[in-house]
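Engineer: dropping a prediction and its sequence here:
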Protein chains: 2
Amino acid sequence: MPSISERAGEVPPSPIRKLVPYANAAKARGKKVLHLNIGQPDLPTPSVFWEALQNAQLKVLDYTESGGLPALREAYAKFYEEIYGIHLTPAHFLITAGGSEALLFAFLTLLNPGEEVLVIEPTYANYISLGKAAGISLRAVESSIENDFKLPPPSVLESALTEKTRAILICNPSNPTGKLYAPNEVCQIGEICRRHNLFLISDEAYRDYCYDGQRFFSALEIPDSESFVVVVDTLSKRYSACGARIGALISRNLDILQAALKWAQARLAPPTLSQIGGIALLSLPREYYENVRETFQRRRDILLQGLRDIGGIECASVQGAFYLMPRLSIGDSDAFAQWMLECFDINGATVMIAPGTGFFTQPEKGRQFVRLAYVLDEPYLEKAIEILRAALNIYAREHVPIL
Amino acid sequence: MPSISERAGEVPPSPIRKLVPYANAAKARGKKVLHLNIGQPDLPTPSVFWEALQNAQLKVLDYTESGGLPALREAYAKFYEEIYGIHLTPAHFLITAGGSEALLFAFLTLLNPGEEVLVIEPTYANYISLGKAAGISLRAVESSIENDFKLPPPSVLESALTEKTRAILICNPSNPTGKLYAPNEVCQIGEICRRHNLFLISDEAYRDYCYDGQRFFSALEIPDSESFVVVVDTLSKRYSACGARIGALISRNLDILQAALKWAQARLAPPTLSQIGGIALLSLPREYYENVRETFQRRRDILLQGLRDIGGIECASVQGAFYLMPRLSIGDSDAFAQWMLECFDINGATVMIAPGTGFFTQPEKGRQFVRLAYVLDEPYLEKAIEILRAALNIYAREHVPIL
């Protein structure tokens, strides 16, 4: 009997999803599970999406072009111009099955097998598994909670480069830390890329979630960066439409998009219906984004304050996205997360969290961290805090570390 | 300025899609283009698909589980039992973004980078590009048109194995040749896999398209093959729903599916709406498949006879799928395909075909071949034949080979 590949053995399960069987079992036993594990916003998908599907009146659900519907690429360019003030043409967009596929195409197009991409750690877990799929390595520079998860200085980033490094990958604002990089920081990274002949891959999935009036600065705004900047975009978080699986690989370097199109052809096309709905989403007025941002800023405040009130939890400041990466005073966040699903509840309710280990290239470093997504309405968020407080108390009593 | 990866340079563009810009230009000039290049059935997607979407009444288009909606996996298992008589459970299915993603997951899960999969040539073009994405090599055994594209004998297949070979990949019925493998042939391939400790990946995307009353024999029916057989399935062709992007990786070896699930987690989930529609599609009655098959059998007869009547075209016999792979008496099918879009029409109409070069690991071998998909209604098919006949005549006169 043949055995599966070594790489399939090595790729880690998603820290966001690996506990799903425990959550399903808990639900089957009648428990209510509050999901803070996954970045799935709870807001309704805007009605224009559903209306666009109704109006489409398709007879045959056929393939679109591999690079996406021309009308969607046009809507994307118009959206970037009108909402973000960034001038692009439809040719600068390759439509993908979510940000995930855009990232995979970026890895395949920009790096050869065995080459390296530099990331800031803690990092988005799926970079590790998508990197494994593409046969590339992630080299991580740590941002520490002691230093508020701030971007490491350019000298530290530069000293981590090797002769195999081909790109720097940032997530801005950061999943999982919620850190927003300032314009000068983004430009500094651009400067490093220019100096060392590297690509800059900027995952801007959460760019619409920037708080306290701070303006987002896209890698696409770095001066004279046309040749080396690639942006990963998605409709998932912006429109509470994760299940659409529509995103884009964006670059002003058309050689990159032309090469990436060949990977896109290999998988034929992105889902048609979601593309049709996506055209409608991208034409929503500016107020939509402001309302969403205000909602999530309130939630951030509630969760951050709630965690600080519990005590014994370290939290960095948070300026964007909808995640927090606190350090808990527990031995093992994997065990704790599983225990909350299997053994704990308050009045039949518990909380599902993502253990921190999966967000580090060396899992051990994340042992005490958890990632929390504030994607629930305020009353649920308050309840989740209450559950977390009680769970941490009881868990600490029951799991006294043996000295 | 950094340069794109070598692998991105090496991966071939899709022979099915690379001429799209020429087709678009032709249409922009007012030409009507009959598409025989792409396997996109013209039949309406069954109405149950659209009804299921209407009835779903979703508020939030959220992620599903990475392995797909449990209800879809249940519908798949029931479908296999009731329509195909193959007993499987929902646990044997991993839902993917079309057959393409199932194939990519199979490559990543079963082979390490640098290892080889054996294919029968001419082969489905995207195996080559998806293999490149997964960092594996395709080793091809040729089936020749002189021998009616028959499966090479076991001894020939075995002699092509190397120490790097980890799997045999068949497409049954074959895209692009339309060849259907008999039960004893499928079992023979299974026997080779068993003897040499290889996986058998069977792409059965076209299994519903078998003609002349012939029964399809799935790799899942090979006795005692649970540990090494993996089947790639898709809803695309079965239901004229290519744009849904829903397929499945199927195996009774749960270790394979559990490992593949980690790649699935890395890309989060398949598209949600298409999964909901897919549940409805999989419960269509048996008559649906019979009607579709009869329609395509008539089309096959028309196209095959039409090509034979033209003369100077070699055609193998065809028992399945909806493709023909004739050898034309022209020098270069790439140039001919492009010429038909750019320079030729009859009363403003032309035909788009897929050049044969992309269906061979050594493109030169496919120079005289083209792949034709009979996915048009009979009058259009007759018109396409008429256009092809005239085009070949004129092209032969204008492009006399210099001796």
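Structural biologist: Cool, got the structure. The shown structure was predicted, so the numbers you read here are calculated from the model rather than taken from an experiment.
Engineer: all the strands of the stretch 151-300 of chain A, residue numbers only.
Structural biologist: For the stretch 151-300 of chain A, the strands defined by DSSP state E, counting those that start in this stretch occupy A:165-171, A:199-203, A:229-234, A:247-251.
Engineer: want to throw those strands into TSV with mean pLDDT?
Structural biologist: Below are the strands of the stretch 151-300 of chain A laid out as TSV (pLDDT from 0 to 100):
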stretch	mean pLDDT
strand A:165-171	98
strand A:199-203	98
strand A:229-234	98
strand A:247-251	98
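Engineer: distance to chain B added to those, as TSV?
Structural biologist: To be clear about C-beta, it is placed using only N, CA and C from the backbone, and glycine gets the same treatment. TSV is the format used below for these (distance: least, C-beta to the nearest C-beta, whole Å):
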stretch	distance to chain B
strand A:165-171	7
strand A:199-203	5
strand A:229-234	10
strand A:247-251	11
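Engineer: which one, of these, ends up nearest to A:Ala335?
Structural biologist: strand A:165-171 (27.1 Å; C-beta to C-beta).
Engineer: which strands or helices does the closest one pack on?
Structural biologist: Packing partners of strand A:165-171 (3 or more C-beta pairs under 8 Å, 6 or more residues apart in numbering or on different chains; DSSP states H and E): helix A:98-110, strand A:116-121, helix A:183-196, strand A:199-203.
Engineer: quick revisit: could you dump the strands of the stretch 151-300 of chain A into CSV and include mean neighbour count?
Structural biologist: As requested, these are exported to CSV (neighbours: other C-beta atoms under 10 Å in any protein chain shown):
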stretch, mean neighbour count
strand A:165-171, 23
strand A:199-203, 27
strand A:229-234, 26
strand A:247-251, 27
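Engineer: wait, isn't A:Val231 in contact with A:Leu200?
Structural biologist: No. Applying C-beta atoms under 8 Å as the test, A:Val231 and A:Leu200 come out as separate, 9.0 Å apart.
Engineer: who touches both of these two?
Structural biologist: Residues touching both A:Val231 and A:Leu200 (C-beta atoms under 8 Å, 6 or more residues apart in numbering or on different chains): A:Ala219.
Engineer: and A:Lys18, what does it touch?
Structural biologist: Contacts of A:Lys18 were listed using C-beta under 8 Å, 6+ apart, and they are A:358, B:265.
Engineer: tally of neighbours for A:Glu294?
Structural biologist: Per other C-beta atoms under 10 Å in any protein chain shown, the neighbour tally for A:Glu294 reads 11.
Engineer: and A:Arg29, by the same measure?
Structural biologist: Neighbour count for A:Arg29, taken as other C-beta under 10 Å: 10.
Engineer: could you chop chain A up by domain?
Structural biologist: If you go by automatic domain parsing, the domain ranges for chain A are A:6-44+A:290-397, A:47-286.
Engineer: which of these has the highest mean neighbour count?
Structural biologist: Mean neighbour counts were taken over the domains of chain A using mean count of other C-beta atoms under 10 Å in any protein chain shown, and the top value, a mean of 21, falls to domain A:47-286.
Engineer: and the end-to-end length of stretch A:86-98?
Structural biologist: For stretch A:86-98, the first-to-last residue distance is 21 Å (C-alpha to C-alpha, to the nearest Å).
Engineer: and it, average pLDDT?
Structural biologist: Stretch A:86-98 shows a mean pLDDT of 98.
Engineer: is any residue of it near chain B?
Structural biologist: Yes. Counting by C-beta under 8 Å from any C-beta of the partner chain, contacts between stretch A:86-98 and chain B involve A:97-98.
Engineer: same deal with stretch A:27-45?
Structural biologist: Yes. Residues of stretch A:27-45 contacting chain B under C-beta under 8 Å from any C-beta: A:38, A:40-45.
Engineer: dump that stretch to PDB, restricted to CA.
Structural biologist: Taking Å, rounded to 0.1, in the frame of the first residue of the first chain, the C-alpha atoms of stretch A:27-45 are listed here in PDB:
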ATOM      1  CA  LYS A  27     -23.100  21.300  19.100                       C
ATOM      2  CA  ALA A  28     -24.400  17.800  18.700                       C
ATOM      3  CA  ARG A  29     -24.500  17.500  22.500                       C
ATOM      4  CA  GLY A  30     -26.700  20.700  22.500                       C
ATOM      5  CA  LYS A  31     -23.900  23.200  23.400                       C
ATOM      6  CA  LYS A  32     -24.000  26.700  21.900                       C
ATOM      7  CA  VAL A  33     -20.600  27.600  20.500                       C
ATOM      8  CA  LEU A  34     -19.600  31.200  20.100                       C
ATOM      9  CA  HIS A  35     -17.200  31.300  17.200                       C
ATOM     10  CA  LEU A  36     -14.200  33.600  17.800                       C
ATOM     11  CA  ASN A  37     -12.000  31.200  15.900                       C
ATOM     12  CA  ILE A  38     -12.700  32.200  12.400                       C
ATOM     13  CA  GLY A  39     -12.700  35.500  10.500                       C
ATOM     14  CA  GLN A  40     -16.200  35.200   9.300                       C
ATOM     15  CA  PRO A  41     -18.100  38.400   9.800                       C
ATOM     16  CA  ASP A  42     -21.600  38.100  11.000                       C
ATOM     17  CA  LEU A  43     -23.000  41.100   9.200                       C
ATOM     18  CA  PRO A  44     -25.500  40.400   6.400                       C
ATOM     19  CA  THR A  45     -24.000  40.200   2.900                       C
END
